[in-house]
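Participant: quick one, fold the following:
(chains A, B, C and D)
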Amino acid sequence: MLTVKLALRNLMRQKRRTIYTGLSMLVGFVLAGFFIGWADGTYNHMIDKFTRNRLGHIQVHQEGYLGKPSLYKTVGSPEEIGSRIDKYKQVEAWAPRIYSAGLVSITEKSAGAEIIGVDPQRENETTSFSNKVVEGRYFAGSGEVLIGKELAKILNGGVGDEIAIFSQAADGSIAENLYTVVGLLDMGVPRLNRSGFYMSLSDARELLVLYNQAHEIAITLHDLRQVNEVTQILQAEFSNTELSVAPWQEFAKEFYRAMQADKNGMYISLVVVILVVAITILNTILMSVMERQKEYGVLKAIGTRPASIVKMVVAETSMLALFSILIGSLITLLLNTYMAEHGLHLSSPINWGGVQLETMRGEVNFRSFVLPSLTVIMTSLVVCLFPAIKAARTEPAKTMRVF
Amino acid sequence: MNTESNVIVAENVKKDYRSDSVVVHAVRGIDLTIRKGEFTAIVGPSGSGKTTFLNLISGLDTPNGGTVLLNNRNTSSMSGNELSDFRRDNIGFIFQAYNLIPVLNVEENIEYIMMLQGVEKQVRHARVVEILDMMGMKGYERRFPSQLSGGQQQRVAIARAMASEPALILADEPTANLDSGTSTSLLDMMRDLNRETGMTFVFSTHDQHVVDKARRVVILEDGKNVRDEVKE
Amino acid sequence: MKFYLKMAWRNIFRNRKRTFLTGLIIGIGLASIMFTDAIVVGMKENMINSVTSSFLGDAQIHLKGFQDSYDTDKTIKNRSQLVSRLQEDMAVENISERVVSFGTISSPSDINSILIYGIDPTRERHVSKIDEAIKQGNYFQTAESEGAQFSGVLIGSKLAERLEVSLGDRIVLSASHAQTGELAQNMFRVAGIYTMQIDEMDSSSAFIPISEAQDMLGLGSRVHEIAVSFVDVQYASRHGDKFADAYTSAGNKAEPWPQLVPQMKKMLDLTDFSVGITMIIVFAVIIFGIINTLFMSLYERIFEFGVLRAVGTRAASLRKLIVFEAASLAVYSSVIGLLLGALIIFIGSIHGMNLSGVEFAGATFTEEINTVFRLRQFILHPLLIFIFTVVVSLYPARYAGRMSITHALQKTL
Amino acid sequence: MKFQLNHYGLVLFILLVGVSPLLAQSGTTDQQPEIERVVNAIDRLYRHDSSHTLMEMEIHTPHWSRTLKLEAWSEGMDKTFIRILQPQKERGMGTLRIDNEMWNYLPKTNKVMKIPPSMMMSSWMGSDFKNNDLVKEFTFTENYTFEYMRPDEAKKGLLYLKCTPKPGEPIVWGHVVVAVDSETLIPKWEKYYDEHNDLMRIMYFKDVETFDGRQLPSVMELVPQTKEGHKTVLHYIEAEFDIQIDERIFSLRNLRTFRK
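Facilitator: Numbers count the residues shown, from 1 in each chain, chains lettered A, B, ... in the order given. As a prediction, this is how the structure comes out:
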């Protein structure tokens, strides 16, 4: 207790030095915290944007569908399952989908197409689907379809044309029907632009004889970071069924791997930032401790035991470190909250895989406080111990010498 | 009285310091005239206002009341650069310790002020040689302060203060960090220089050995000059 | 001026330990920035390289609209003229003509929709890396050695898996004839199985010699695509427009890779932006370290400054001294940083980081990522540190110039 | 998701083009007949100038089973016309093949859709046959080399032939083993292998009946070996051969005019 008191007094007495040392920890902390918040935020923002764009954060399928999709591996009563999903407040929206393939034609030309049946309203809530219409309009009713913009070119057709589809229904019968193209889509994915044929869920169910069925339920959450948690919750919720719940890392493997690569790059930067922060703190503390060699000499001369000096230095440094971390956390929290809410606007938006990235966002997360805290504490303790022990060992006469 | 020969004229000089809402009256009204060629000790116990008074007369500090004339000029009305140049040209300083610029060697320390004055290199060099000879420190030109003893450092400090032949040499406790033997010989040397060159010396001290060497002793108490003895 | 420089230089070496420490922090900071730059350049080059050299090429020429529909009839206009122009172009290193068609591949057990590429075996290997990507079998040799009774096809490993075929197995390619649109079918044997680590390439593409593709599709000597590689790897990103302008004519459209794979370009832009922010943060930390060190070392020497000021040094001269000191420190630190940076970049250029197999924006890191030396790492970054340091030192310089001399002279311990 | 793609071969073509009379001369008994004659007989079994048949196609999958009633016309090697008569939902659907081109008619939308080459490998109307099976023609005589063989499980009264595609033929099979009745030279089954000797599918020929005065197996059963639960069975109900067929049958106009 005496050590703490003495340390506190010392800190108060040498305000200037205290402020500088503290400031170096503080600034280091804040910058590292900001960096982590920003990097994680940007990373998650990208994932969020990408997954929200089409795939969703979590998907529900019949077991085995993802590994080997089949027309027959369906989710029964998706609306009922959806209402069970809706129970969880983390869930923002969900949308059922039906997938198949068929032959489509407008004029004499015909082409293979991916048939995707979506619930127009739910799909829009979940993936902002209507934003992908680049020509024409969104679904307004039954009998209307949206097709990929390149598919329209291949078929020599466009908005307003009638399009015939030929496929096979789930009962084995031949499925055929005529629809009106009401809009062209830019899905951001060449494959879908070339072959995407989107129809309303009810039309798709009728065409493919998949009444009350879906192949997939895509779910978006309010917060991407809850994906793992919600996935587990839903896995438990549907544990007695034939349904499987997969997070985006599973169904968007390639994107996930791309993000992992990006993360690797970020780790390099993170190491650099932490390293530089650590060295700055190291330097400041080392200097401030070395500056006080004389003072330690005096303390020793009047009979202070070396261990007490070490204890005092450590106490001072750790108090200072704790204080810096405290204030640093506050500033980091403010900065990252601002960055999470407002972000940094990009002068020219980056369009990637159909995702428009306009801002780079920060994020408030645990890591952005823990890592800088560890950096500050570890470096300051390690670095103050060394000169403290040295100070405790040196001859009082030597350090007190003036000339 | 011939004002031309007055180096310092202080009239009712006052200086207050404010620290933590407590007002410290460091100098409460000093009247003092120092004439050219004097060798004056300002004596008084710790806190009597010696350093403050020296700061005031050297223009390092400005008084709250009264006037200080140095070479018949009022320093309190000067701008920063004027003041710097005025000090450079008129006052030589000797401090109690850490007088010398550690990164400059003896010669560079001595010629520093002349360099500020723009004196030519040959002239400076000649002067350095001359003055070091006078101090008995010939051959130390290339040494750095850290390679000298305390007494030697103070000699170099005196040499630096005198090198540009200022009107006044101010020394604030020049012997405070020296042993009595060294202080005595240093003081003897300063008095000899005073006699030989006619330069005015004002120094503060509380060391009786030093006081004994002075030809005029001004005693301060509680920020006022209470006695003024002229020896000889 | 010179005198203060000398003084500043001597000052920074007065406390060798501290100067070295400060030099080290700035140096490590600088080295980190240099290294980050080098690794990012390496990463980007690797990414671009894996996109362009695996199959894309640095640029491609097609008939306008071909890529929208892959219509077999949309062949390049004035082909021979274009080819000879390209061959005379000094910027162009190699070209490879290709035939591209949608089609199907069938094996006894399965069938898949794919893109069939007809490539010129000898010229292609100078443009892309299919030959190097072959993991089993050979690059178009089996067919010739077996007397060309049947033709060899190169397929991706994922496709081979799906079709349950291995080397030497029969597969049938089907596509539609140019003009008539009639079904064209040919039997091939699997001559090689490649792994390019690009999903599209590995699971839904097949390569056959261009002459056979032209025969099969009834194209004569017409081609759909000319892939170009440039002498200078950075030509496409720097002078891509020039190339595009020069060869976009007669209904043909020339595009350098940033236009062919815009998402890649965007990804690289994003990387640049992120790296920029990282750099700014690292710079900020370093600069703060510098301010800190400067202030600390100046505080210690306040008495000294007091003496300097007392004996008649002007405030401006003192400021100059301090700025010079900071500059000297920056130079000293930069030397440390440059040495450290050069060392780690050198190490990084020999021992790469292994990210291979990671697919990134449709490309895959095929090789280890090595750091890449760039002149700017050794000029721009130290210069920035120097400028920042000097700018930052203006603050303590101003402070020292303004401080009270008497106050300074009171400081002893 | 992909279309459910199936295996392909020459069977449907063979069936739809019709069955030609077997010039079966019951003569040599113990002795193996000349191999060319047997192969020719198998090929000729399916050869004729024209045909008009009525058949049922049973399609079995693990998910559903259904039966289609078809009426088909063929002329030479290049023209085929098929009309679905049952079930009601698909009634009127038709397929026309002329040379290498193929069209489907969809009565509900009254639309004729050309099958693009990329879809040639897709299943024909959900069966184990592919569109391509209607288009490409192969004969053992022309496209294969052949030899007698004696499998382990050889039965008395059957001849076994191993037919290997000639180099360069666009055929995926490694070889085909055909079992033929040594008396009538009517095939019992055909087994399709890949080059690793794995059995990929079996075609059974059953229930020899007389159509238009000729003896032919009336049931053909296609069983893919790689897909469990899948089977397509064709039953001949009626057939006439070498008849005069109106040229207008093989036209797009005919394809799209079907009165229910």
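
Participant: let me know whether the helix or strand harbouring A:Ser269 sits next to chain C.
Facilitator: Assessed by DSSP states H and E, A:Ser269 sits inside helix A:253-291. Yes - using CB under 8 Å from any CB of the partner chain, we find that helix A:253-291 touches chain C at A:254, A:257-258, A:260-262, A:264-266, A:268-269, A:272-273, A:275-277, A:279-280, A:282-284, A:286-288, A:290-291. Bear in mind the C-beta positions are built from the backbone N, C-alpha and C, glycine included.

Participant: these, buried ones only, as a ChimeraX selection?
Facilitator: Here is the ChimeraX command that selects only those of the residues of helix A:253-291 next to chain C that count as buried (16 or more other CB atoms under 10 Å in any protein chain shown):
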select /A:257,258,261,262,265,266,268,269,272,273,275,276,277,279,280,282,283,284,286,287,288,290,291
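
Participant: may I see the buried residues of the helix or strand just after the helix holding A:Ser269?
Facilitator: Downstream of helix A:253-291, the next assigned helix or strand under DSSP H and E is helix A:293-301. Along helix A:293-301, these residues count as buried under the neighbour rule (16+ other CB under 10 Å): A:293-297, A:299-300.

Participant: send the alpha carbons of helix A:293-301 over as CSV?
Facilitator: Extracted in CSV, the C-alpha atoms of helix A:293-301 (Å, rounded to 0.1, in the frame of the first residue of the first chain):
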residue,chain,number,x,y,z
GLN,A,293,18.9,7.0,-12.3
LYS,A,294,20.0,9.8,-10.0
GLU,A,295,16.8,9.7,-8.1
TYR,A,296,17.2,6.0,-7.5
GLY,A,297,20.8,6.6,-6.4
VAL,A,298,19.5,9.0,-3.8
LEU,A,299,16.9,6.5,-2.7
LYS,A,300,19.5,3.8,-2.4
ALA,A,301,21.9,6.1,-0.6
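
Participant: now A:Ile377: how far from C:Ser334?
Facilitator: 31 Å (CB to CB, to the nearest Å).

Participant: likewise C:Leu384?
Facilitator: 10 Å.

Participant: so between these two, which is more surrounded?
Facilitator: Taking neighbours as other CB atoms under 10 Å in any protein chain shown, C:Leu384 and C:Ser334 compare with C:Ser334 leading, 23 against 18.

Participant: confidence score at that one?
Facilitator: pLDDT recorded at C:Ser334 is 87.

Participant: my guess is it contacts C:Phe386. True?
Facilitator: Yes - the pair C:Ser334 / C:Phe386 is scored as a contact, 6.3 Å apart, by CB atoms under 8 Å.

Participant: just how off-centre is stretch C:172-183 within its chain?
Facilitator: Centroid separation for stretch C:172-183 versus its chain: 39 Å, with CA atoms, centre = their mean, to the nearest Å.

Participant: likewise stretch B:85-94?
Facilitator: Worked out by CA atoms, centre = their mean, stretch B:85-94 lies 9 Å from the chain centre.

Participant: what comes up buried for the one helix or strand A:Thr126 maps to?
Facilitator: For A:Thr126, the element it lies in under DSSP H and E is helix A:120-127. Buried positions in helix A:120-127, judged by neighbour count with 16+ other CB under 10 Å: A:120, A:122-124, A:126-127.

Participant: ok, stretch D:85-97 next?
Facilitator: Buried, per 16+ other CB under 10 Å, within stretch D:85-97: D:85, D:89-90, D:92-97.

Participant: one more: stretch B:89-106?
Facilitator: B:89-101, B:103-106.

Participant: how long is stretch C:201-214 end to end?
Facilitator: One end of stretch C:201-214 to the other measures 21 Å (CA to CA, to the nearest Å).

Participant: check whether it contacts chain A.
Facilitator: No - using CB under 8 Å from any CB, stretch C:201-214 stays clear of chain A, with a minimum separation of 9.9 Å.

Participant: is that stretch anywhere near chain D?
Facilitator: No - counting by CB under 8 Å from any CB, chain D is not contacted by stretch C:201-214; separation bottoms out at 11.1 Å.

Participant: for the longest strand along chain A, what is the average pLDDT?
Facilitator: Determined from DSSP state E, the single longest strand within chain A is strand A:91-105. What strand A:91-105 shows for mean pLDDT is 89.

Participant: give me the helices and strands touching that strand, please.
Facilitator: helix A:78-86, strand A:110-118, helix A:120-127, strand A:162-168, helix A:201-208, strand A:213-214, strand A:216-221, strand D:111-114 (3 or more CB pairs under 8 Å, 6 or more residues apart in numbering or on different chains; DSSP states H and E).

Participant: which outside residues touch the last one?
Facilitator: Counting by CB atoms under 8 Å, 6 or more residues apart in numbering or on different chains, strand D:111-114 makes contact with A:103, A:105, A:108-110, A:164, A:166, A:176, A:178, D:101-106, D:252, D:255-256, all of which sit outside it.

Participant: list only buried entries from these.
Facilitator: Among these, the ones that count as buried by 16+ other CB under 10 Å are A:103, A:105, A:109-110, A:164, A:166, A:176, D:101-106, D:255-256.

Participant: and which of those residues is nearest chain C?
Facilitator: Among those, D:Glu101 lies closest to chain C (CB to the nearest CB), at 6.5 Å.

Participant: so what's that closest one up against?
Facilitator: Applying CB under 8 Å, 6+ apart, we find D:Glu101 in contact with C:181-183, D:114.

Participant: please see if the helix holding A:Ser269 touches chain B.
Facilitator: No - with CB under 8 Å from any CB as the criterion, chain B is not reached by helix A:253-291; the gap is at least 15.5 Å.

Participant: just checking, what packs against that helix?
Facilitator: Counting by 3+ CB pairs under 8 Å, 6+ apart, helix A:253-291 packs on helix A:15-50, helix A:248-251, helix A:306-341, helix A:367-393, helix C:16-51, helix C:262-300, strand C:359-360.

Participant: just put the ones you listed in a markdown table and tack on mean pLDDT.
Facilitator: Shown next, in a markdown table, are the helices and strands packed on helix A:253-291 (pLDDT from 0 to 100):
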| stretch | mean pLDDT |
| --- | --- |
| helix A:15-50 | 83 |
| helix A:248-251 | 84 |
| helix A:306-341 | 87 |
| helix A:367-393 | 81 |
| helix C:16-51 | 79 |
| helix C:262-300 | 77 |
| strand C:359-360 | 49 |
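
Participant: and chain B, which of these is closest to it?
Facilitator: Once the helices and strands packed on helix A:253-291 are compared by CB to the nearest CB, helix C:262-300 is nearest, at 11.2 Å.

Participant: and D:Thr67, that's in a strand?
Facilitator: Yes - the assignment for D:Thr67 is a strand, going by DSSP: H, G, I helix; E, B strand; the rest coil.

Participant: picking up where we left off before, and the angle for the helix holding A:Ser269 with helix A:293-301?
Facilitator: Relative orientation of helix A:253-291 versus helix A:293-301 (axes from the mean of the first three to the mean of the last three CA atoms, to 10 degrees): 60 degrees.

Participant: distance of the residue of chain B found nearest chain A from A:Gly41?
Facilitator: Closest approach between chain B and chain A, counting by CB to the nearest CB: B:Gly150, at 5.5 Å. Look at B:Gly150 and A:Gly41: by CB to CB, they are 61 Å apart.

Participant: who's more crowded, those two?
Facilitator: Between B:Gly150 and A:Gly41, A:Gly41 has the larger neighbour count (other CB under 10 Å), namely 24 against 17.

Participant: grab the nearest non-local neighbour of the more buried one.
Facilitator: Closest residue to A:Gly41 apart from its sequence neighbours, by CB to CB, 6 or more residues apart in numbering or on different chains: A:Glu363 at 3.2 Å.

Participant: correct me, but the one you found touches A:Gly33?
Facilitator: No - judged on CB under 8 Å, A:Glu363 makes no contact with A:Gly33 at a distance of 11.0 Å.

Participant: shared neighbours of those two, anything?
Facilitator: In contact with both A:Glu363 and A:Gly33: A:Asn336, using CB under 8 Å, 6+ apart.

Participant: which of the two has more neighbours?
Facilitator: More crowded of A:Glu363 and A:Gly33, by other CB under 10 Å: A:Gly33, with 30 against 24.
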